[in-house]
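Chemist: No letters, just coordinates:
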Ligand code: AMP
């Protein structure tokens, strides 16, 4: 099973992905986590993306596509991947379909966590102080939200046309969203 958790920043994708990793035999592939690890390691890639991420902009398609490609064998061995924060643009979505097809695999389900912009801003305001993420601040968050609305949300029709899109209410408590995610996966 290959699953995409889809939604704006701070919608709860990472929280739900981690729950699924514990509960099911799947690997979380978060490009944000991979990029933060690159920055923490001080690698050349990390140095290249640090400023872009801090401002809340998207890093190049080529970089994230390569990061995902490197991790596909591991996800396959585990029985499936939860894509968290990837794909974020149409070229990324098309590259993912091609990479999976060349391995005889496909995306099975795209779960969209729906949370409205005002609720997101309220959620993130509480996180700024404690997160320690340099992109969790009011200015970068607006850029991240705009990137989602302009570059990522247009992927919804792409997956809807493939018959893979399931939309869930992401506004509730973590447990009730988790129950809805489980329901979608098991149906
Ligand atoms: P996230 O942890 O998913 O919120 O990602 C944090 C930041 O990493 C984003 O704001 C982007 O700067 C970068 N990033 C993560 N995933 C991608 C992606 N698929 N495409 C482009 N940039 C990404």
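Modeler: Nice, thanks for sending it over. Note that the structure is a prediction, hence the values are computed from the model and not measured. Numbering: from 1, shown residues only.
Chemist: which bits of the chain sit near the ligand?
Modeler: Within the chain, the positions lying close to the ligand (CB under 6 Å from any ligand atom) are 9, 31-32, 35, 52-53, 56-59, 64, 85-88, 92, 135, 144. Yep, even glycine has a C-beta here, placed from its N, CA and C like the rest.
Chemist: Quick check on those residues: which are buried?
Modeler: 9, 31-32, 35, 53, 56-59, 64, 85-88, 92, 135, 144 (16 or more other CB atoms under 10 Å).
Chemist: Next step: the residues of the chain next to the ligand restricted to helices.
Modeler: 31-32, 35, 52-53, 64, 92, 144 (DSSP state H).
Chemist: Let me see the ranges of the strands in this structure.
Modeler: Secondary structure of the chain (DSSP state E): strands at 3-6, 27-30, 81-84, 109-114, 165-169.
Chemist: Run through the residues that contact residue 3.
Modeler: Residue 3 is in contact with 20, 26, 80-83, 107-111, 185, counting by CB atoms under 8 Å, 6 or more residues apart in numbering.
Chemist: Tell me the gap between the lowest-mean-pLDDT helix or strand in the chain and the middle of its chain.
Modeler: Every helix and strand in the chain was compared by mean pLDDT, DSSP states H and E; the lowest is helix 117-131, with a mean of 83. Distance, stretch centre to chain centre, for helix 117-131: 18 Å (CA atoms, centre = their mean, to the nearest Å).
Chemist: by contact count, what packs against that helix?
Modeler: Contact partners of helix 117-131 among helices and strands, from 3 or more CB pairs under 8 Å, 6 or more residues apart in numbering; DSSP states H and E: helix 138-147.
Chemist: Relative to the ligand, which residue of this structure is the closest?
Modeler: The ligand sits closest to residue 32 of the chain, with a gap of 2.0 Å, by CB to the nearest ligand atom.
Chemist: hmm, back to that, quick one: which of the contacts of residue 3 is nearest residue 159?
Modeler: Distance ranking of the contacts of residue 3 against residue 159, using CB to CB, places residue 110 first at 4.3 Å.
Chemist: Correct me if wrong: residue 167 contacts residue 112.
Modeler: Yes. Applying CB atoms under 8 Å as the test, residue 167 and residue 112 come out as touching, 4.6 Å apart.
Chemist: Neighbour count for these two, which is higher?
Modeler: residue 112 (22 against 16; other CB atoms under 10 Å).
Chemist: Now render the strands of the chain as a markdown table, adding distance to residue 14.
Modeler: Shown next, in a markdown table, are these (distance: least, CB to CB, whole Å):
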| stretch | distance to residue 14 |
| --- | --- |
| strand 3-6 | 8 |
| strand 27-30 | 6 |
| strand 81-84 | 6 |
| strand 109-114 | 11 |
| strand 165-169 | 15 |
